[in-house]
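> pasting a predicted model and its sequence here:
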Amino acid sequence: MAVVLAGCGAEEQHAGMAQGIVELDERVLGFEVGGRVREVAVKEGDPVAVDQLVATLDDRLERTAHEARSQEASAARAQADLVRAGARSEEVRAMAAELEAARAAEELARTNLDREQRLLASGATTRAVVDQLAGRQRAATAERRAVEQKLRSLRGGARTQEVAGADARAGAAAASASLAGQRVDLYALQAPVAGVVLDVIADPGEVVAPGAPVVVIGDTRHPFADVFVPEGELAGLAVGQPAAVEVDGESRRFHGTVEHIARRAEFTPRFVFSERERPNLVVRVRVRIDDADQRLHAGVPAFVAFGAGK
C-alpha cells in the first residue's frame with residue numbers, strides 16, 4: 001500500500017517522487033503430504049539457497065513401502081527375463097528323453113495288440129483281452145503326442161503374447177516402485193527459491209496436514225514497492241522502464257524496474273496524508289528493486305523516481 005510521510009521535511013526531501021513501502025515476495029512452504037515433522041533444518045533469519053532442505057517429515061513407513069515395491073519390481077523383471085529366455089537346455093533334453101520313453105511304450109503296446117489279435121483269430125484268446133490291449137495302445141499314442149507337443153513348445157520358446165504380458169507386468173511393477181519413490185521425496189521440503197527465512201511455523205514433533213504452512217521464505221534480493229501514480233502522469237510510463245528508489249537511512253539510490261502497471265484506476269487511499277494528493281485519481285504501479293546486498297527491510301517507506309538511474 002502507498003503511504004506518504006507526514007511533515008513538510010519528508011515531502012521536500014523527496015518532492016515529486018512516487019511514494020510507497022518496501023515489500024517482499026513471500027513463499028509459504030508446506031508439505032504436499034501430511035505427517036509428523038521430524039526436523040526443521042532452518043531458523044528465522046537464515047539464508048537459504050535454491051533446493052536447500054528446510055524440513056522433513058517422518059518417512060519410515062513410506063520408505064518401507066518403497067523398498068517393498070522395488071523388490072516386487074525386481075521379481076517381475078526377473079520373471080519377464082525368464083519368460084523371454086525360454087527353456088533351459090537341460091529341460092529340453094529331459095523332455096526329449098520322456099518322448100523316447102513314450103514312443104517305446106507306444107511301440108510295446110502296438111506289438112502286444114498285434115499278437116493278441118492273431119491269437120484271437122486262431123481262437124487262442126478272448127475279445128476282452130484284445131479290447132484291453134487296444135485301449136492301452138491308444139493311451140500310449142496319446143501320451144506320445146502330448147510329450148511331442150511339450151518338447152515342441154520348449155524348443156520354440158515363449159509365445160509373443162506371453163513375453164508381452166510378462167513385460168507389461170514388469171513395467172507396472174517398476175512404475176509402482178517409481179511412484180513410491182516419488183512419495184518418499186515428498187517427505188522432504190526444499191526451498192523453491194533463494195531467500196531468507198522470515199518465519200518458522202511448525203516445530204519438530206508436530207503433526208501437520210497437507211499444505212499446512214511450515215516455513216515462510218522471503219526474496220530479500222528483489223523486493224518491490226507498490227506506488228500510486230496520478231493518472232495525469234502516466235504518459236510515457238511503461239513496463240521495463242528504469243526507476244530510482246530512495247529510502248530513509250540509505251544514502252545511495254537503488255535501481256528499480258517498472259514491473260507492472262495496473263489496468264484499473266483507483267482513488268488515492270484515505271490514509272495518504274497529503275491534502276493535495278488525496279482527491280486525485282491514481283494507478284498502482286509496481287517497481288521491482290535490485291538489492292543484491294539485502295540492505296532493505298520490508299515495511300520501510302520508499303520513494304520512486306521514474307526514468308532515473310542509480
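Looks like it arrived, so ask away. Numbering: from 1, shown residues only.

> could you grab the helix/strand/coil label for R136?
Following DSSP: H, G, I helix; E, B strand; the rest coil, we place R136 in the helix state.

> would you check that it makes contact with R110?
No - counting by Cβ atoms under 8 Å, R110 is not a contact partner of R136; they are 9.6 Å apart. C-beta coordinates here come from the backbone N, C-alpha and C atoms, glycine included.

> now do the helix or strand that E62 is a member of, average pLDDT.
In this structure, E62 is located in helix 60-85 according to DSSP states H and E. Averaged across helix 60-85, pLDDT comes to 91.

> identify each buried residue in it, please.
Within helix 60-85, the residues scored as buried using 16 or more other Cβ atoms under 10 Å are 62, 65-66, 69-70, 72-73, 76-77, 80, 83.

> would you say V130 is within a helix?
Yes - the assignment for V130, made by three-state DSSP, places it in a helix.

> residues contacting it?
By Cβ atoms under 8 Å, 6 or more residues apart in numbering, the contact set of V130 is 113, 116-117, 120.

> show me just the buried residues among these.
For these, a burial check counting by 16+ other Cβ under 10 Å picks out 113, 116.

> which two of the contacts of V130 have the greatest separation?
Pairwise distances across the contacts of V130 peak at 10.3 Å for L113 and L120 (criterion: Cβ to Cβ).

> what residue is smack in the middle of this protein?
Centroid-nearest residue in the chain, with Cα atoms, centre = their mean: Q182, separated by 5.8 Å.

> sec struct for it, please.
Secondary structure for Q182, judged by three-state DSSP, is helix.

> A243 now?
strand.

> ranges for the helices of the stretch 101-250 of the chain?
With DSSP state H, counting those that start in this stretch as the criterion, the stretch 101-250 of the chain has helices at 127-156, 160-185.

> to D51, which of these lies closest?
helix 160-185 (11.9 Å).

> buried ones in that closest one, by neighbour count?
Here helix 160-185 shows 166-167, 169-170, 173-174, 176-177, 180-181, 183 as buried, counting by 16+ other Cβ under 10 Å.

> dump these into JSON lines; add distance to A104 and pLDDT as well.
Formatted as JSON lines, the buried residues of helix 160-185 follow (distance: Cβ to Cβ, whole Å; pLDDT from 0 to 100):
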{"residue": "A166", "distance to A104": "36", "pLDDT": "88"}
{"residue": "D167", "distance to A104": "41", "pLDDT": "89"}
{"residue": "R169", "distance to A104": "41", "pLDDT": "92"}
{"residue": "A170", "distance to A104": "42", "pLDDT": "92"}
{"residue": "A173", "distance to A104": "45", "pLDDT": "94"}
{"residue": "A174", "distance to A104": "48", "pLDDT": "94"}
{"residue": "S176", "distance to A104": "51", "pLDDT": "94"}
{"residue": "A177", "distance to A104": "51", "pLDDT": "94"}
{"residue": "A180", "distance to A104": "55", "pLDDT": "93"}
{"residue": "G181", "distance to A104": "57", "pLDDT": "94"}
{"residue": "R183", "distance to A104": "61", "pLDDT": "94"}
